[in-house]
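Novice: Test case, fold it:
(2 chains)
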2 protein chains.
Amino acid sequence: MTAVPDHGALLRAELTPQLTDGALTSDPDVVASFARDEAPFATVGQALALVRARTVQDVQATLRWASEHRVPVVPQGARSGISGGANAVDGCILLSVERMDRILRIDAAEQTVTVEPGIINQDLKDALAPHGLSYPPDPGSVALSSIGGNLATNAGGLCCVKYGVTRDYVRQVAVVLADGTLTRLGSTTAKGVAGLDLCGLFVGSEGTLGIIVEATLRLIPLLPPPLTAVATFPGAREAAQAVAEFMGSGARPSMMESLDRASIDLLNRFGDFGLDGQAGALLLMQSNGDGVAAEAAREVSAFAAVAERNGALDVAFSEDPEDSDALVATRRMAQPAFERYSTEHGGGQLLDDVCLPRTAIPEFYDRLDAIRARTGLMIAVVAHAGDGNVHPSVFFDTADEASVRRAHEAFDEIMAIGLELGGTITGEHGVGSLKAAWLARELDEGSRRLHRAVKDAFDPLGILNPGKQFAAL
Amino acid sequence: MTAVPDHGALLRAELTPQLTDGALTSDPDVVASFARDEAPFATVGQALALVRARTVQDVQATLRWASEHRVPVVPQGARSGISGGANAVDGCILLSVERMDRILRIDAAEQTVTVEPGIINQDLKDALAPHGLSYPPDPGSVALSSIGGNLATNAGGLCCVKYGVTRDYVRQVAVVLADGTLTRLGSTTAKGVAGLDLCGLFVGSEGTLGIIVEATLRLIPLLPPPLTAVATFPGAREAAQAVAEFMGSGARPSMMESLDRASIDLLNRFGDFGLDGQAGALLLMQSNGDGVAAEAAREVSAFAAVAERNGALDVAFSEDPEDSDALVATRRMAQPAFERYSTEHGGGQLLDDVCLPRTAIPEFYDRLDAIRARTGLMIAVVAHAGDGNVHPSVFFDTADEASVRRAHEAFDEIMAIGLELGGTITGEHGVGSLKAAWLARELDEGSRRLHRAVKDAFDPLGILNPGKQFAAL
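Specialist: All right, here's what the predicted structure looks like:
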């Protein structure tokens, strides 16, 4: 990719006439403003140009040209990812699908919706609600992130504990392959086993196999309003034990989130959310009883009993939807609170994303305490506790080399502990460029070989999002 | 594969010492008795030998030897499939995993189970019940089919309408690749996005990518006892309209099966199940209300209202578990009743497996009537109606060439109608050798190319179950 300037001129001359008017820009300022997602500290290269596709044909033309000239293509949705998956690489075309944001068809009878990839998750939810339908996956970025990006990363969220992840809702995708070929994978029907599950393979492939230009998603009826319970504990270990016991009983809460002492502390510094500053951990649990109020009440009571058995300091309930919303909003304020703290303490935050067996979480917290004690670093943990999916944030001073080094070591050590305790290095944030080396550590030799072989099969020229998910395999 | 006899001698000499005692047999009678699954009219080749693996090492040694000598391997579970996927091809090794049937670990806290592939689905269910756990997928062959085969075909069943298909329950697989490499794909945790979903890719791959030797499955609490409703209709079209309307309302029945007039008739000839011989269609619906009896009652009432609005002749309920079991048992007697009819009428039955949008099912029945009228063939349809998954059985006289030809034409025409109405050629039975040509018609050019490329990536020598799923791609 040394002939970048030539490629730029050629690109403008050859590709522009094939695209929707104004889709291609090589204005350096505009291109630079699209060069990265929300991952801090991930590498960012210099792109050749930006294509803001409006049509499937725009995507096809771009990939045909890129294949012909061996130019890398970095697909982008809303660039709200936090693993660097959408970051520019040197000499690439940034291919944004954010303007392909239409809902093509809501089929209430089939309980499906067909969308373009650029639609924002919350906008889709809002459009479905009047039809009595919902698309459950709700990553933290629900208000910002696009469905295409959600599919590319197999996004999770708060509701996964009951409703599963993005993959569980994808029936069919239309994708443009590296050479510009458009193909349709999967079946829109409730069941289908005609051939390999290549549709599922695209979910979580982070733009390395092709570009999703359309998706048909399974829907469910609007989620019923939940009851909410909040329990505080002396420490994270007790809270984690309560979660493991409750979930092991076969409970089906619609939310089961946790905050550790540091998270509570940072939230209390950020604003007045009424959180008990003495608590060492907090669980936020919801049950919707699948629409049956008595069942929700029963499940919340069962949770309270488990919490008390595991040493809860306090358990409180709310049937008031506004109270519930406020509690969930508090949970969603954790990241802004962390950002405030980070800004005021040297600007560094590394957000990890380890998923573990729920029964391993108590030990995980013990080992995190050991890291804190050894390094002196502030580490705050929010977790989708019901799924065993923990998000430790490691804070550091970007101006202090030793602090930077310790933070990255702690970030790495957290993943190592995750693997050691039977978990994975990423439950929902994805690999991107941030965890490419760790992916190679998680997968065994056979799996690495298969990954490389599949990548070669889909993208023989290696032009699709190079230097990311597959960089170390 | 012309050097079959030499390979046989070499195989015995070289492979036998590497295997568990008695695992390899080349006794022609024994080998022949393992040569086919339950698919009628699918081609069957002559195998070289049979390996009944007891250990992962047996599977690895067999594949290493087969790769070295370019000998095809046909993996087999319980051979209860009905698409010819487990049938011998000439000169192959039949590699049966039915003796690898242990439950390796039940983890109640994580709500998972880890099994070897040979365990029978119902045996697994029975072992889980005392732990209060269930593995929902329940193909018609639940009492006969193995989990490995269920995974290989992404088996469906009666509960899918509420609980999803096999793929929805697979967290991790250990597989032996074509060259004997053992690898572990997926994560045992509730969430995981580390790399491509190669675990999901194996589900439904019909033994063409590698051999599943272990699986970790997600479990849910034991299913609560359901309420059952039976509704009869003047014809299949009215019943299908009722299903489309009921499912389109967001209902979540735990079973929604249908029988058409011909199925009712063949059941009534087979035994006294108390079915109304005047009815043109019957719907069998269950709701378990997720354990809340009042919710189940509400849902059954809602179903009754929809049925009556769509012209039901009669709607009856039962709260008695024995009655419910009897009704479900009647549904499960359809295939034996069909076999009896077939035996008495020339011995031919072709069982199709089309999945359609639910709203297209009424038209599907109209077009089936046209086929009946034109060909004079007996065609009986049972359906997992809630999923739009119809199973028309075409009966014919194997001794009458014209009848055989008409039946195969009708079987093909049913798939063509399925595709035309927006469906798939197979909802749950799989492709095997029976529908290989039709798979090529369902997939577009890009998808066929990807299928071939993935197959080459996993099985570069083409030794894994050749001549089946990929034969026409």
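
Novice: And A:Gly164, how far from A:Val354?
Specialist: A:Gly164 is 19 Å from A:Val354, where distance means CB to CB, to the nearest Å. The way it works is simple: take the backbone N, C-alpha and C, and place the C-beta from them, glycine included.

Novice: Neighbour count for these two, which is higher?
Specialist: Counting neighbours by other CB atoms under 10 Å in any protein chain shown for A:Gly164 and for A:Val354 shows that A:Val354 has the greater number, 26 against 19.

Novice: Please report phi then psi for that one.
Specialist: phi -100, psi 140 (degrees, to the nearest 10).

Novice: how many other residues sit next to the closest residue in space to it that isn't next to it in sequence?
Specialist: Nearest residue to A:Val354 in three dimensions, chain neighbours excluded: A:Gly418, at 3.5 Å (CB to CB, 6 or more residues apart in numbering or on different chains). For A:Gly418, the count of nearby residues is 27 (other CB under 10 Å).

Novice: got the domain boundaries for chain A?
Specialist: Split into domains by automatic domain parsing, chain A comes to A:4-96, A:103-221, A:227-420.

Novice: So which of those domains is nearest B:Arg12?
Specialist: domain A:103-221 (34.4 Å; CB to CB).

Novice: How about the secondary structure of the residue in the stretch 51-200 of chain A that chain B sits nearest to?
Specialist: The stretch 51-200 of chain A approaches chain B most closely through A:Thr183 (2.7 Å), counting by CB to the nearest CB. The assignment at A:Thr183 comes out as strand when based on DSSP: H, G, I helix; E, B strand; the rest coil.

Novice: Bridged to it, which residues?
Specialist: Using DSSP bridges, the bridge partners assigned to A:Thr183 are A:Val175.

Novice: A:Leu177 is in contact with that one, correct?
Specialist: Yes. Contact criterion CB atoms under 8 Å: A:Thr183 and A:Leu177 qualify, at 6.4 Å.

Novice: Show me whatever sits in contact with both of those two.
Specialist: Common contacts of A:Thr183 and A:Leu177, defined by CB atoms under 8 Å, 6 or more residues apart in numbering or on different chains, comprise B:446, B:450.

Novice: Number of residues surrounding the residue of the stretch 51-200 of chain A closest to chain B?
Specialist: 19.

Novice: Quick one: the helices in the stretch 51-200 of chain A, in order.
Specialist: Taking DSSP state H, counting those that start in this stretch as the criterion, the stretch 51-200 of chain A contains helices spanning A:56-69, A:121-128, A:147-153, A:160-163, A:198-202.

Novice: elements contacting the longest one?
Specialist: So the one you mean is helix A:56-69. In terms of contacts (3 or more CB pairs under 8 Å, 6 or more residues apart in numbering or on different chains; DSSP states H and E), helix A:56-69 is packed against helix A:4-15, strand A:73-76, strand A:93-96, strand A:170-176, strand A:211-218.

Novice: Including mean pLDDT and mean neighbour count, could these go into CSV?
Specialist: Formatted as CSV, the helices and strands packed on helix A:56-69 follow (pLDDT from 0 to 100; neighbours: other CB atoms under 10 Å in any protein chain shown):
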stretch, mean pLDDT, mean neighbour count
helix A:4-15, 82, 15
strand A:73-76, 98, 28
strand A:93-96, 98, 26
strand A:170-176, 98, 24
strand A:211-218, 98, 24
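
Novice: Format those as JSON lines; extra columns: distance to A:Phe246.
Specialist: Output for the helices and strands packed on helix A:56-69, formatted as JSON lines (distance: least, CB to CB, whole Å):
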{"stretch": "helix A:4-15", "distance to A:Phe246": "55"}
{"stretch": "strand A:73-76", "distance to A:Phe246": "40"}
{"stretch": "strand A:93-96", "distance to A:Phe246": "43"}
{"stretch": "strand A:170-176", "distance to A:Phe246": "29"}
{"stretch": "strand A:211-218", "distance to A:Phe246": "28"}
